[in-house]
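Asker: coordinates only, no sequence provided:
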């Protein structure tokens, strides 16, 4: 299967603001994500998940090693990724001055899609996520779950090849998060998107991922496991214990 | 509820202004007219200015000068703020100059403009520009700096062109601060323009005020001053209308 995301010996070092030294956020990270795969990345706070996310979205460049997305460097080939990457952030990041519909339209406007076609697409996505009745509502009038649905619609509307999700449901209550997770997996599979899903919830990772990658601190793979539809609940429970053990070991080392 | 609140405020404001007029009227009974002319004499003069084209042209002239000066300072200040935001080095050079300019009194600019320039209109435009430019630049720069990094990165993830980023994120983010900057600078500009006209112009409210001083006509002086106040009030109302239109997305607490 073709790899869509490739990290090869990636290292990212930030200058430390306190002591003038260096802070290693990602250390010799190598891993791939195949086309159409949903990979859940697990790790404790500060393990470099967000740095990896920023490297992938082209917001920062690696100190050494290579990051390739669809064969291109997301930092230097910044323009290439217009409309090819959809990002769902931890908080909804809706523009308060735009209605739900206009927020979904944002990416399509940037891609210069014809207005009427864009409006039709945006409305279709809002309907798909159960927000038809709220198209003209401003973000302040929507609940947290609704707002995150709008941000999902905004990411899906540009029909991206790759979806990057940074703990998108962590701020929601469990019931809403569960509904949205199921919705997310259903749509991602239907659209054959490749998705990298960052989370700190083991259950969420087990529910979403085709593959689970657990990060050490600084970001380096500590555990990798593949899940299929046939993976039983018992096997998942064993994997859950293994993950807990890795994360707890990390804590002891720290 | 809200309309009741607004009408209550309007009644209170009118009452306080009426109170001021009553106090003035009482004073006019005890002092000579060249010190405290009766309210009716002032009102008559105000009406005369508003109804006579030859007099009202002076009001329009001053209004135009204020607007042109503010618009010039706003455009230049906006461009300058964007440049300073883009380059720290440039900011290190330009900011101290702007701070220095901010410390120069309006009257000094009047003297400098009279010595430097010949044309009256350019002189006044220059004075208005120099007195309001630093404030506009710093206010817009502050607003750009305070822009949400989260929203910036979100928009950036779609890979917009520079102009798209400006239109879709910068402009809507800056509108509240731009309106506030206009509000603040409007009052400042109205005061400065009068000083500039008083010294170097052959028309406008400042020039008319100088004439009233020479004629020792207090009713005229008050009437012309009121024209300027009226202009500022109208401009503030326009800004309030724009604010309500552009910021209609803001949530309003029921208790507000």
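Answerer: Yes, it's here. Everything quoted here is computed from the prediction, not taken from an experiment.
Asker: and the gap between residue B:87 and residue B:28?
Answerer: Distance, residue B:87 to residue B:28, using Cβ to Cβ, to the nearest Å: 60 Å. Just so you know, the C-beta spots here come from the backbone N, C-alpha and C atoms, and that holds for glycine as well.
Asker: which of the two has more neighbours?
Answerer: residue B:28 (19 against 12; other Cβ atoms under 10 Å in any protein chain shown).
Asker: count of residues packed around residue 47?
Answerer: Let's take chain A. Residue A:47 has 24 neighbouring residues, counting by other Cβ under 10 Å.
Asker: wrong chain, I was asking about chain B
Answerer: Based on other Cβ under 10 Å, the number of other residues close to residue B:47 is 11.
Asker: for the helix or strand where it lies, name the packing helices and strands.
Answerer: Element membership for residue B:47, per DSSP states H and E: helix B:39-51. Here helix B:39-51 touches helix B:2-30, helix B:53-86, helix B:218-246, going by 3 or more Cβ pairs under 8 Å, 6 or more residues apart in numbering or on different chains; DSSP states H and E.
Asker: which stretch in the ones you listed has the least confidence?
Answerer: Of all the helices and strands packed on helix B:39-51, the minimum mean pLDDT falls on helix B:2-30 (a mean of 82).
Asker: pull the distance from that helix to the chain's centre.
Answerer: 24 Å (Cα atoms, centre = their mean, to the nearest Å).
Asker: which neighbouring elements make contact with that helix?
Answerer: Counting by 3+ Cβ pairs under 8 Å, 6+ apart, helix B:2-30 packs on helix B:39-51.
Asker: tell me how many other residues surround the closest residue to residue B:186 other than its chain neighbours.
Answerer: If the residues on either side of it in the chain are set aside, residue B:186 comes closest to residue B:235, at 5.5 Å by Cβ to Cβ, 6 or more residues apart in numbering or on different chains. Taking other Cβ under 10 Å as the neighbour definition, residue B:235 ends up with a count of 20.
Asker: measure residue B:137 to residue A:108 for me?
Answerer: 35 Å.
Asker: neighbour-wise, which of these two wins?
Answerer: Shown here are residue B:137 and residue A:108; by other Cβ under 10 Å, residue B:137 has more neighbours (27 against 22).
Asker: so which residues on the stretch 101-250 of chain B come close to chain A?
Answerer: For the stretch 101-250 of chain B, the contact set with chain A under Cβ under 8 Å from any Cβ of the partner chain comprises B:150-151, B:153-161, B:164, B:168-169, B:172, B:246-247, B:249-250.
Asker: okay, and which of those residues map to strands?
Answerer: Residues from those lying in strands, with DSSP state E as the criterion: none.
Asker: just checking, what packs against the host helix or strand of residue A:119?
Answerer: Using DSSP H and E, residue A:119 falls within helix A:115-128. Judged by 3+ Cβ pairs under 8 Å, 6+ apart, helix A:115-128 is in contact with helix A:100-110, helix A:144-157.
Asker: returning to what we had before: which of the residues of the stretch 101-250 of chain B next to chain A count as buried?
Answerer: B:151, B:154-160, B:164, B:168-169, B:172, B:246, B:249 (16 or more other Cβ atoms under 10 Å in any protein chain shown).
Asker: need the residues you listed in a markdown table with distance to residue A:243, can you?
Answerer: Formatted as a markdown table, these follow (distance: Cβ to Cβ, whole Å):
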| residue | distance to residue A:243 |
| --- | --- |
| B:151 | 34 |
| B:154 | 30 |
| B:155 | 35 |
| B:156 | 33 |
| B:157 | 29 |
| B:158 | 34 |
| B:159 | 35 |
| B:160 | 38 |
| B:164 | 42 |
| B:168 | 41 |
| B:169 | 39 |
| B:172 | 43 |
| B:246 | 49 |
| B:249 | 43 |
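Asker: which of these fall within helices?
Answerer: Among those, the residues falling in helices (DSSP state H) are B:151, B:154, B:155, B:156, B:164, B:172, B:246.
Asker: now do the contacts for the fourth one.
Answerer: When the contact criterion is Cβ atoms under 8 Å, 6 or more residues apart in numbering or on different chains, the partners of residue B:156 are A:59, B:165.
Asker: distance of it relative to residue A:87?
Answerer: 10 Å.
Asker: and the residue of the stretch 1-150 of chain B at minimum distance from chain A, what pLDDT?
Answerer: Nearest to chain A, among the residues of the stretch 1-150 of chain B, is residue B:150, at 5.2 Å (Cβ to the nearest Cβ). On the pLDDT scale, residue B:150 is placed at 90.
Asker: one more: the one 4 residues further on?
Answerer: The pLDDT attached to residue B:154 in the predicted structure is 92.
Asker: that one against residue A:88, yeah?
Answerer: No: contact criterion Cβ atoms under 8 Å: residue B:154 and residue A:88 do not qualify, at 9.9 Å.
Asker: which parts of the stretch 101-250 of chain A sit against chain B?
Answerer: For the stretch 101-250 of chain A, the contact set with chain B under Cβ under 8 Å from any Cβ comprises A:106, A:107, A:109, A:110, A:111, A:138, A:140, A:141, A:158.
Asker: buried subset of those residues as a PyMOL selection?
Answerer: To isolate the buried members of these in PyMOL, using 16+ other Cβ under 10 Å:
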select buried, chain A and resi 106+107+109+110+111+138+158
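Asker: how about the residues of the stretch 101-250 of chain A next to chain B in a markdown table, adding pLDDT?
Answerer: A markdown table is the format used below for these (pLDDT from 0 to 100):
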| residue | pLDDT |
| --- | --- |
| A:106 | 95 |
| A:107 | 93 |
| A:109 | 94 |
| A:110 | 93 |
| A:111 | 92 |
| A:138 | 94 |
| A:140 | 92 |
| A:141 | 92 |
| A:158 | 91 |
